[in-house]
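Chemist: the sequence and its predicted three-dimensional model are supplied below.
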Amino acid sequence: MTVIAVLSMKGGVGKTTVVLGLASSAWDRGLRTLVIDLDPQANATMALEPEGAVFTTSDVLADARPGVAADAIVASSWDSRIDVLPSERSLEHRNVSQGRNSSLRLRTALATVPREYELVLIDCPPSLGELTRNALSTADLAVIVTEPSHFSLHGAQEALEAVDVIAGTTNPGLRATAVVVNRFDPTDREHLLNLQRLGEAHGPLVYDPPIPDCSAIPQSQRAVSPLHSWNSPGSRETADIMDDLLDSLLPRKRQVRVTPPVSIRRYLS
Ligand SMILES: Nc1ncnc2c1ncn2[C@@H]1O[C@H](COP(=O)(O)OP(=O)(O)OP(=O)(O)O)[C@@H](O)[C@H]1O
Ligand SMILES: [Mg+2]
């Protein structure tokens, strides 16, 4: 069982896309997976379209009794093995502290629930409010997503600092495992420069290879389908990257792929 929070302080860089990409990879290999939507925009919920949802992460955080999250979990439209703890707009009200131990409410509400899954993915909103603090206080691993742009790099740096703060307080077991670069264009000099800056700042934490711009990503999200079910050269390349990323995050026995990814070093030489 691995709990992964996907975050960035910058909006629109691909957090939900990485959550859905990893969920698609888990779907492809039949891993029992829970996606927790902690973003009031509810984009992951829309892309997984769970049926029959009665409660949401907003209700779960309001209640926060041990294990209460189990009542809000529903199956996604992808497959009965991919479950969702859905979100809704009113979750916005939970992005401020709810008093003592406020950032531990999600962890308490989940209690033993994560043990039923091999993988738990948490989609964060683009801010370091109480929702992201709850995600980081629950997760084993943090994946930071960034675009190769100047402002996005700042968002990635802030996210890494947030991980350090939570690892030093409520969740000593938390570790930042990857900075994933999304929408990378190797012909764009600005992208190359920013990739280099990221490498200098964070070294091996920068996940190799970056994710290219890929039209199958928004198409599959709109169609409520896993990326791995999409059949185009671009979708296969991106699905391969998601597979390798998932392999790098899961304990060794869960890994299935052996093909090394194409290295970003070739863009830097
Ligand atoms: N590599 C990519 N290629 C093409 N489109 C992409 C790619 N990554 C993300 N997108 C599209 O960009 C938009 C923003 O991505 P996404 O919703 O994943 O970002 P986000 O960081 O979760 O945003 P927010 O901060 O609002 O939650 C979406 O429409 C998504 O489909
Ligand atoms: Mg999002």
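Modeler: Looks like it came in fine. As the structure is a prediction and not an experimental result, all values here were calculated from the model. Ligands and ions are numbered 1, 2, ... in the order given.
Chemist: okay, CA-based contacts and neighbour counts for the rest of this
Modeler: Noted.
Chemist: helices of the protein, residue ranges please.
Modeler: Along the chain, counting by DSSP state H, helices occupy 15-28, 43-48, 57-63, 105-110, 130-138, 150-167, 189-202, 216-222, 233-249, 265-268.
Chemist: could those helices go into CSV alongside distance to Ile4 and mean neighbour count?
Modeler: As requested, those are exported to CSV (distance: least, CA to CA, whole Å; neighbours: other CA atoms under 10 Å):
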stretch, distance to Ile4, mean neighbour count
helix 15-28, 9, 24
helix 43-48, 15, 23
helix 57-63, 17, 22
helix 105-110, 13, 23
helix 130-138, 9, 27
helix 150-167, 12, 19
helix 189-202, 19, 16
helix 216-222, 20, 17
helix 233-249, 8, 20
helix 265-268, 27, 10
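Chemist: relative to Leu121, which of those helices is closest?
Modeler: helix 15-28 (6.4 Å; CA to CA).
Chemist: by how many degrees do that closest one and helix 233-249 diverge?
Modeler: Inter-element angle recorded for helix 15-28 and helix 233-249: 80 degrees (by axes from the mean of the first three to the mean of the last three CA atoms, to 10 degrees).
Chemist: which other helices and strands contact helix 15-28?
Modeler: The contact analysis (3 or more CA pairs under 8 Å, 6 or more residues apart in numbering; DSSP states H and E) places helix 15-28 against strand 2-7, strand 33-37, helix 43-48, strand 119-123, strand 141-146, helix 233-249.
Chemist: if you set the cut-off to 6 Å instead, what comes out?
Modeler: helix 233-249 (3 or more CA pairs under 6 Å, 6 or more residues apart in numbering; DSSP states H and E).
Chemist: tabulate the helices of the chain (JSON lines), appending distance to Gly173 and mean pLDDT.
Modeler: JSON lines is the format used below for the helices of the chain (distance: least, CA to CA, whole Å; pLDDT from 0 to 100):
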{"stretch": "helix 15-28", "distance to Gly173": "21", "mean pLDDT": "98"}
{"stretch": "helix 43-48", "distance to Gly173": "26", "mean pLDDT": "98"}
{"stretch": "helix 57-63", "distance to Gly173": "22", "mean pLDDT": "97"}
{"stretch": "helix 105-110", "distance to Gly173": "13", "mean pLDDT": "97"}
{"stretch": "helix 130-138", "distance to Gly173": "9", "mean pLDDT": "98"}
{"stretch": "helix 150-167", "distance to Gly173": "7", "mean pLDDT": "93"}
{"stretch": "helix 189-202", "distance to Gly173": "20", "mean pLDDT": "94"}
{"stretch": "helix 216-222", "distance to Gly173": "32", "mean pLDDT": "97"}
{"stretch": "helix 233-249", "distance to Gly173": "15", "mean pLDDT": "95"}
{"stretch": "helix 265-268", "distance to Gly173": "31", "mean pLDDT": "51"}
